[in-house]
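>>> compute the structure for the input listed below.
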Amino acid sequence: MRLITPFLVLAATMLVLVGCGGDDPTPTPAPAKAAPAAAVATPTPAPAPTPTPRGVVRKPAATPTPTKAFDAEAHFKGQRVVINVGFSPGGGYDTFARLMGRYLPKHLPGNPSFVVRNIPGAGGERIFRETLADSAPDGFAVGVAHPRFFKRELVGTDVPNLDINTVKILGTASAVSVVNAMYAFKDYAQSWEDVLAKGSPAKVGATAPGDTGGVGASFVELVGGPIKNVYGYGGTSEIAAAFDRREIDLSSRGDPDTAKSLFPRWVEEKKIVPVFRWGTEPENDAEFTNYVQNELGASIPPHLFDVIELSDAQKALFNVTETINDKMNRLFIMHPDTPEDLYRIWVDAFKATAADPE
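Coordinates of the predicted model:
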């Protein structure tokens with residue numbers, strides 16, 4: 001997320017008045033008698049009028065034709081807005097999109113209807129074609145983007161149909177600091193030490209490299225820890241289902257929101273336990289602390305930095321990655337050619353929705 005001021009053309013007009021001289025006098029007729037010729041009198045010239053000083057005369061300024069104001073009410077009234085989500089229904093991105101779609105109509109002029117379109121595949125990448133290439137820049141299509149693609153662009157890896165220098169970003173309402181954790185079923189492991197004792201890498205499900213929910217597990221694998229990421233799942237709901245049927249060993253999808261909505265018996269029967277964590281400190285996240293200690297009947301797990309040996313440089317790299325995930329998570333984006341006045345209306349509506357007390 002340019003006004004051109006017209007200039008006036010000046011024209012100068014010279015006003016010069018030129019005086020006229022008198023005619024020669026009629027000569028005096030000769031007397032009857034011969035006499036010496038009379039001298040001809042020299043006429044006194046008439047005084048010339050003083051010229052009017054030159055001046056500059058301005059043409060009256062042309063009245064500018066007023067620009068027709070954008071009628072946002074008429075533009076959105078009776079229209080349908082599509083929110084493109086790159087993951088399957090039931091996950092965090094899908095849930096968040098539906099939540100925003102419920103309240104955005106209150107804050108957009110014309111009160112348009114909203115529909116969420118799930119386009120799983122390629123780790124969420126498919127939304128860029130649908131939102132930024134194939135759709136018109138008319139404000140009727142937005143997408144919810146995963147931060148992994150912005151990280152790829154930042155390090156020089158091209159993401160088709162995404163240009164981080166031109167894409168219009170509306171913002172995110174989910175940039176909050178929370179505790180994230182990797183969970184295990186108790187009959188698999190009750191601590192990180194139990195995971196190590198298995199003697200083989202624990203399988204973790206993910207959509208694609210850079211999966212926000214599995215950033216801790218991805219980093220452990222990156223530095224040679226006993227974790228193996230399995231990619232290709234369509235989204236949170238599919239990963240949680242794979243975890244439930246024991247297709248994978250560990251998952252970050254044991255968090256309170258996912259577990260209680262998709263597999264409440266995990267919590268009711270205290271089936272799962274966190275084995276390590278990352279993110280903010282537990283004392284800053286009362287929901288996580290209550291969930292682990294009171295609802296799961298478990299202990300607060302150790303931090304990732306305490307379960308695997310890392311250099312200071314590796315810790316710094318992880319902290320940067322985590323910050324990007326927190327601050328750029330679930331970004332709402334729209335077509336780069338969206339007109340500026342339409343874009344500003346969307347930004348204002350998005351901010352108002354994010355601040356909506358309901």
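>>> the least confident helix or strand in the chain by mean pLDDT: which residues count as buried?
When each helix and strand of the chain is scored by mean pLDDT, DSSP states H and E, helix 147-154 comes last, with a mean of 75. Neighbour-count burial for helix 147-154, with 16 or more other CB atoms under 10 Å as criterion, is recorded at Pro147, Arg148, Phe149, Phe150, Lys151, Arg152, Glu153. All C-beta spots, glycine's among them, are computed from the backbone N, C-alpha and C.
>>> run through the stretch 101-250 of the chain and note the low-pLDDT ranges.
For the stretch 101-250 of the chain, residues meeting the criterion pLDDT under 70 lie at 154-156, 173-176, 210, 212.
>>> for it, what spans make up the helices?
Under the criterion DSSP state H, counting those that start in this stretch, the stretch 101-250 of the chain carries helices at the ranges 127-128, 147-154, 192-197, 215-222, 236-244.
>>> please enumerate the strands of the stretch 1-150 of the chain.
Ranges of strands within the stretch 1-150 of the chain are 80-85, 113-118, 141-145, based on DSSP state E, counting those that start in this stretch.
>>> strand partners of the last one, parallel vs antiparallel please.
Note on strand 141-145: by DSSP bridges, its sheet partners are strand 80-85 (parallel), strand 331-334 (antiparallel).
>>> turn these into JSON lines, including mean pLDDT, distance to Tyr188 and mean neighbour count.
Shown next, in JSON lines, are these (pLDDT from 0 to 100; distance: least, CB to CB, whole Å; neighbours: other CB atoms under 10 Å):
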{"stretch": "strand 80-85", "mean pLDDT": "96", "distance to Tyr188": "31", "mean neighbour count": "20"}
{"stretch": "strand 331-334", "mean pLDDT": "93", "distance to Tyr188": "35", "mean neighbour count": "23"}
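>>> dump the ones you listed to JSON lines, plus distance to Asp94.
Output for the strands paired with strand 141-145, formatted as JSON lines (distance: least, CB to CB, whole Å):
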{"stretch": "strand 80-85", "distance to Asp94": "5"}
{"stretch": "strand 331-334", "distance to Asp94": "14"}
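>>> how about the ones you listed, which one is nearest Ile248?
strand 80-85 (22.7 Å; CB to CB).
>>> any low-confidence regions in the stretch 251-358 of the chain?
Those would be 326-327, if you go by pLDDT under 70 across the stretch 251-358 of the chain.
>>> for it, just list every one of the helices.
256-262, 265-268, 286-290, 304-307, 312-327, 340-354.
>>> understood, closing this out.
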